[in-house]
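Novice: Just to be clear, the model below is a prediction. Sequence and coordinates:
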2 protein chains.
Amino acid sequence: MNLIILTDTDRIGNKQYRLSDHRAGHILAVLKLEVGDTVEVGLLNGPQGRARLESIDNDRVDLVCEELAVIPPPTPQVNLVCALPRPQTLKKILITSAMMGVRALHLVRANRVEKSYFQSPLIQPENQLPFLLEGLSQGKLTRVPDVQVHDRFRPFFEDRLNRLDGNDESSSSRLLCSTEDAGSLDTVFDPGAVRVTVAIGPEGGWVPFEVELMQSVGFKPFLLGRWTLRVEHAVTAALSQLELLRTMG
Amino acid sequence: MNLIILTDTDRIGNKQYRLSDHRAGHILAVLKLEVGDTVEVGLLNGPQGRARLESIDNDRVDLVCEELAVIPPPTPQVNLVCALPRPQTLKKILITSAMMGVRALHLVRANRVEKSYFQSPLIQPENQLPFLLEGLSQGKLTRVPDVQVHDRFRPFFEDRLNRLDGNDESSSSRLLCSTEDAGSLDTVFDPGAVRVTVAIGPEGGWVPFEVELMQSVGFKPFLLGRWTLRVEHAVTAALSQLELLRTMG
């Protein structure tokens, strides 16, 4: 836990927050802080900075925020489209997406996605939140990704995605993580894009129809590397390579 | 399982291999292959290609290798130095190292490494092998990383590493994954290096003495990104960014 994430329900005063769950445990048992010490905190979807430990009452701690500042998100904004994975993999992707600053995570149906995955409790936002918070807390970020589930493939790519992009394709770069022969990410990355959307397929890959449809709406294929990765590793790898290219400008 | 890894102990003839474990199960139950079908195989630390299913006897399959070819490893060769992580994390790093083509994985003692980690059964090569094979099988590679455990920090960096580099520092690029302010990987990556060694710290980071010593023997700090990653994600991220820069040349 590199950042204690505070939410509205923790708030007991203007800048005062009260914790009694695993976050309090982390502050007391792992960080071993005492009254007067400070700790890194962030307000969910808000600014981050430090808070001072005001009081300890058994396993409960009261914090007062100090020096909070909004950290502006970098450009381009990164969105992720994943074929809905098995629940165990979805947990990892939720954590990674939050940890690495993904703005929106779209989980879509695909030919090689098992129907039962759409029945998982993890499809419900309230069950996703703990994993998203864990990721934010690890990555030291506060903005929770917007997670959306799309149970039809074609309408998502042909219609919904354009509306999410504000019907302005010019500001958006669409990239398709490919298992076929393709160039590396730098050959398709547009440093001027305001928004990048990366699509990552299911175990077993997209079927040809899906690849053709995605390419017809502007997704450009690229190869992460010479190896074949599991979905959760492909997510980390793609976000890492994007971050490098973003920094290189 | 994207590649069936075959070992000497599976061999029953010149190009004939007999499997009766989870690999046979994968061929029969997941891939649902029949006699005459072919499957992607690789010989451990050797060539890879296809094998034909020669016979099935209950849960046992016999394969005959065809069209095997050596795939030359890319340049630069990538070595990884990790502060020995907790056993659960070590499993993930063993898998990832094999999956992403790491040549040597050095697990070193550091100030923030718990002493108990050196008592883990996973320190023994025979307990590492299943995770390495899983990684090779996922990444479609055959060369098993050389895993070495170093229980003293200073002798490893001051002496052992130079000998591993053939006392020829000029061909070698040493990089230190940093949590402090530093440039991105491209600012320290040398496209002409024959060998790249990337060091990744423990949870909680290296202590200042360790960073100073590593820098004194040529390790150059870089930042993976704006986030703070867990060790297993840092490994995937660093190897992904190196692969991108290698491909960009």
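Specialist: Looks like it arrived, so ask away.
Novice: Can you tell me the SS state at the most centrally placed residue in chain A?
Specialist: Closest to where the C-alpha atoms of chain A average out (C-alpha atoms, centre = their mean) is residue A:97, at 2.2 Å. Per DSSP: H, G, I helix; E, B strand; the rest coil, the local secondary structure of residue A:97 is helix.
Novice: Next: residue A:42.
Specialist: strand.
Novice: my read: the residue nearest to the centre of chain A touches residue A:135, true?
Specialist: Yes. Contact criterion C-beta atoms under 8 Å: residue A:97 and residue A:135 qualify, at 6.6 Å. (Glycine included, C-beta is placed from N, CA and C.)
Novice: What pLDDT is listed against the residue nearest to the centre of chain A?
Specialist: Residue A:97 carries a pLDDT score of 98 in this model.
Novice: swap in the one 3 residues further on?
Specialist: Model confidence at residue A:100, expressed as pLDDT, equals 96.
Novice: contact partners of stretch A:12-25?
Specialist: A:1, A:4-6, A:10-11, A:27, A:41, A:51, A:54, A:59-66 (C-beta atoms under 8 Å, 6 or more residues apart in numbering or on different chains).
Novice: how far does stretch A:16-25 stretch from start to finish?
Specialist: 18 Å (C-alpha to C-alpha, to the nearest Å).
Novice: buried stuff in it?
Specialist: A:17-19, A:23-24 (16 or more other C-beta atoms under 10 Å in any protein chain shown).
Novice: what mean pLDDT does that stretch have?
Specialist: For stretch A:16-25, the per-residue pLDDT averages 96.
Novice: Just give the closest residue to residue A:111, not the sequence neighbours.
Specialist: Leaving aside its chain neighbours, residue A:111 sits nearest to residue A:207 (4.4 Å; criterion: C-beta to C-beta, 6 or more residues apart in numbering or on different chains).
Novice: Spell out the secondary structure type for the nearest residue to residue A:47 once chain neighbours are set aside.
Specialist: Among residues not flanking residue A:47 along the chain, residue A:68 sits closest, at 4.1 Å (C-beta to C-beta, 6+ apart). Look at residue A:68: counting by three-state DSSP, its state is strand.
Novice: Can you report how many residues lie near residue A:68?
Specialist: Residue A:68 has 17 neighbouring residues, counting by other C-beta atoms under 10 Å in any protein chain shown.
Novice: need the contact list for it.
Specialist: Contacts for residue A:68 (C-beta under 8 Å, 6+ apart) come out as A:41, A:43, A:46-50.
Novice: now the residues you listed in JSON lines, with secondary structure, neighbour count and pLDDT?
Specialist: Converted to JSON lines, these look like this (DSSP: H, G, I helix; E, B strand; the rest coil; neighbours: other C-beta atoms under 10 Å in any protein chain shown; pLDDT from 0 to 100):
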{"residue": "A:41", "secondary structure": "strand", "neighbour count": "24", "pLDDT": "97"}
{"residue": "A:43", "secondary structure": "strand", "neighbour count": "20", "pLDDT": "96"}
{"residue": "A:46", "secondary structure": "coil", "neighbour count": "14", "pLDDT": "95"}
{"residue": "A:47", "secondary structure": "coil", "neighbour count": "14", "pLDDT": "96"}
{"residue": "A:48", "secondary structure": "strand", "neighbour count": "24", "pLDDT": "95"}
{"residue": "A:49", "secondary structure": "strand", "neighbour count": "16", "pLDDT": "95"}
{"residue": "A:50", "secondary structure": "strand", "neighbour count": "15", "pLDDT": "96"}
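Novice: And the furthest pair within those?
Specialist: Greatest spacing in these, by C-beta to C-beta: A:46 and A:50 (14.2 Å).
Novice: Restricted to helices, list the buried residues of stretch A:16-25.
Specialist: Applying DSSP state H to the buried residues of stretch A:16-25, the entries found in helices are A:23-24.
Novice: where does chain A dip in pLDDT?
Specialist: A:167, A:169-170 (pLDDT under 70).
Novice: what ranges do the helices span in chain A?
Specialist: For chain A, the helices defined by DSSP H occupy A:22-25, A:87-99, A:125-139, A:153-155, A:161-164, A:208-216, A:231-248.
Novice: Would you reformat the ones you listed as CSV and include distance to residue B:90?
Specialist: Below are those laid out as CSV (distance: least, C-beta to C-beta, whole Å):
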stretch, distance to residue B:90
helix A:22-25, 25
helix A:87-99, 18
helix A:125-139, 19
helix A:153-155, 39
helix A:161-164, 40
helix A:208-216, 37
helix A:231-248, 17
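Novice: To residue A:118, which of the ones you listed lies closest?
Specialist: When those are compared by C-beta to C-beta, helix A:87-99 sits nearest residue A:118, at 10.7 Å.
Novice: Just the CA atoms of the closest one, as PDB, please.
Specialist: What follows is helix A:87-99, C-alpha atoms only, in PDB (Å, rounded to 0.1, in the frame of the first residue of the first chain):
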ATOM      1  CA  PRO A  87     -12.600 -14.000 -13.400                       C
ATOM      2  CA  GLN A  88      -9.200 -14.700 -11.900                       C
ATOM      3  CA  THR A  89      -7.500 -12.900 -14.800                       C
ATOM      4  CA  LEU A  90     -10.100 -10.100 -14.600                       C
ATOM      5  CA  LYS A  91      -9.100  -9.400 -11.000                       C
ATOM      6  CA  LYS A  92      -5.500  -8.900 -12.100                       C
ATOM      7  CA  ILE A  93      -6.500  -6.700 -15.000                       C
ATOM      8  CA  LEU A  94      -8.600  -4.500 -12.700                       C
ATOM      9  CA  ILE A  95      -5.700  -4.100 -10.400                       C
ATOM     10  CA  THR A  96      -3.200  -3.400 -13.200                       C
ATOM     11  CA  SER A  97      -5.500  -0.900 -15.000                       C
ATOM     12  CA  ALA A  98      -5.900   1.200 -11.800                       C
ATOM     13  CA  MET A  99      -2.300   0.800 -10.900                       C
END
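Novice: With adjacent residues omitted, what lies nearest to residue A:37?
Specialist: residue A:53 (5.1 Å).
Novice: Likewise for residue A:203?
Specialist: Among residues not flanking residue A:203 along the chain, residue A:231 sits closest, at 6.3 Å (C-beta to C-beta, 6+ apart).
Novice: What residues does that neighbour make contact with?
Specialist: A:82-83, A:85, A:89, A:93, A:200-203.
Novice: repeat for residue A:1
Specialist: Per C-beta under 8 Å, 6+ apart, neighbours of residue A:1: A:23, A:26, A:30, A:137-138.
Novice: about what we covered before: ok, of the contacts of residue A:68, which one's closest to chain B?
Specialist: Lowest distance from chain B to the contacts of residue A:68 (C-beta to the nearest C-beta) belongs to residue A:48, with 12.3 Å.
Novice: In this structure that closest one contacts residue A:71, no?
Specialist: Yes. Using C-beta under 8 Å, residue A:48 is in contact with residue A:71, at 6.3 Å.
Novice: Now do the shared contacts for those two.
Specialist: Counting by C-beta under 8 Å, 6+ apart, the shared contacts of residue A:48 and residue A:71 are residue A:142.
Novice: just to revisit the earlier point, for the contacts of residue A:1, which one is nearest chain B?
Specialist: Distance to chain B across those (C-beta to the nearest C-beta) is lowest for residue A:138, with 6.2 Å.
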